[in-house]
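Participant: Give me the fold of what follows.
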Amino acid sequence: MAAYAHPDTLVENDWLASHLNDPKVRVVEVDYDPAANYELGHIPGAVLFDWRKDINDPVRRDILSAEALTALYHRAGIDPDTTVVLYGDFNNWFAAFAFWALTYYGAKRLKLLNGGRKKWIAEDRPITKDATAAGAGKLRASEPDAKLRAYLDDVRKVLPDVKAGKFGLVDVRGPKEFSGEITAPPEYPTEHAQRGGHIPGAKNIPWAQAVKDDGTFKTREELEELYKSKGLSSSHPVITYCRIGERSSHSWFVLKYLLGYPDVRNYDGSWTEWGNLVRTPIEKP
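Facilitator: Numbering: from 1, shown residues only. Next up is the predicted model:
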């Protein structure tokens, strides 16, 4: 069985259990709804990143600024030599989004916990409600890496190459969202876009096809076969998208770090931007 392209970005429960008291490791739970997760119990020593409040700008539709991330590092006790292990709810959707956002700002010592919160609890691993005391961290965010993020105009510009088969555009939402049958996923039934469908030329490769029932990632061979069978090639640039960028961050991680695709960007504006704009083209079956 072939190893992932960057196996150091993924850790298992046993590894984390043996490093819970390591002062050079900071565990971070990233939640969409902390009251239903972190506050009911979390991995001992884990600090909370509230996805809506901490990883997004409080006013603009944007991810947090470099200054806000530096302040978050300070609050969480993260230093330049700290290894950060991210995990969370919703099969690590929001943990993967945080991984992408922190990588965008230059973070290097990041790992994702394979299986996330779901697998840790399923294995009856220790959890606690105790607050985590973190010292003042000294890591600073760097200038953003434009090669990791796609904006609306970037997607518009590549549509001819997508049509010509020279560029991969991956819609990681479920089939009913892709077809336009529904305009919001079951997890967010009231958060609709104005229109249903998908970006012209996009391939539908739902994020869930990359994981097993326990939330862990499939083998490299299985993942390579999945994306190859959908016509995706590592020799072409790729942009992933979903509804708000969290599920597409999960697939971005798979393509970039588990399979080693050299040019993968996440379009975090995703369908809530594309599906709500006047005269933006869409496709439906």
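Participant: C-alpha from now on. contacts and neighbour counts both.
Facilitator: OK.
Participant: quick one, strands of the stretch 151-285 of the chain?
Facilitator: If DSSP state E, counting those that start in this stretch is used as the criterion, the strands of the stretch 151-285 of the chain fall at 168-171, 203-204, 238-241, 264-266.
Participant: Including mean neighbour count and mean pLDDT, could these go into a markdown table?
Facilitator: Compiled in a markdown table, the strands of the stretch 151-285 of the chain are given as follows (neighbours: other CA atoms under 10 Å; pLDDT from 0 to 100):
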| stretch | mean neighbour count | mean pLDDT |
| --- | --- | --- |
| strand 168-171 | 28 | 98 |
| strand 203-204 | 20 | 98 |
| strand 238-241 | 26 | 98 |
| strand 264-266 | 26 | 98 |
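Participant: Distance to residue 147 added to those, as CSV?
Facilitator: Shown next, in CSV, are the strands of the stretch 151-285 of the chain (distance: least, CA to CA, whole Å):
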stretch, distance to residue 147
strand 168-171, 15
strand 203-204, 21
strand 238-241, 11
strand 264-266, 7
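Participant: between the ones you listed, which one is nearest to residue 188?
Facilitator: strand 238-241 (16.5 Å; CA to CA).
Participant: For that closest one, which helices and strands make contact with it?
Facilitator: Contact partners of strand 238-241 among helices and strands, from 3 or more CA pairs under 8 Å, 6 or more residues apart in numbering; DSSP states H and E: strand 168-171, helix 246-253, strand 264-266.
Participant: Which of the strands of the stretch 151-285 of the chain sits closest to residue 47?
Facilitator: It is, among these and with distance given as CA to CA, strand 264-266, at 25.6 Å.
Participant: What helices and strands are in contact with that closest one?
Facilitator: The helices and strands touching strand 264-266, judged by 3+ CA pairs under 8 Å, 6+ apart, are strand 238-241, helix 246-253.
Participant: export these to CSV and tack on distance to residue 134?
Facilitator: Formatted as CSV, the entries for the helices and strands packed on strand 264-266 read as follows, by distance: least, CA to CA, whole Å:
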stretch, distance to residue 134
strand 238-241, 34
helix 246-253, 27
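Participant: Specify the stretch among those that is closest to residue 174.
Facilitator: It is, among the helices and strands packed on strand 264-266 and with distance given as CA to CA, helix 246-253, at 10.3 Å.
Participant: Show residues contacting that closest one.
Facilitator: The list of residues contacting helix 246-253 from outside it, by CA atoms under 8 Å, 6 or more residues apart in numbering, reads 92-94, 96-97, 100, 171-173, 207, 210, 240-242, 264-268.
Participant: list the contacts for the nearest residue to residue 62 once chain neighbours are set aside?
Facilitator: Sequence neighbours aside, residue 56 is the residue nearest to residue 62 in space, at 6.0 Å (criterion: CA to CA, 6 or more residues apart in numbering). Residue 56 is in contact with 62, 63, 64, counting by CA under 8 Å, 6+ apart.
Participant: just residue 210 next, same as before
Facilitator: If you count contacts by CA under 8 Å, 6+ apart, residue 210 has them with 217, 218, 223, 226, 251, 254.
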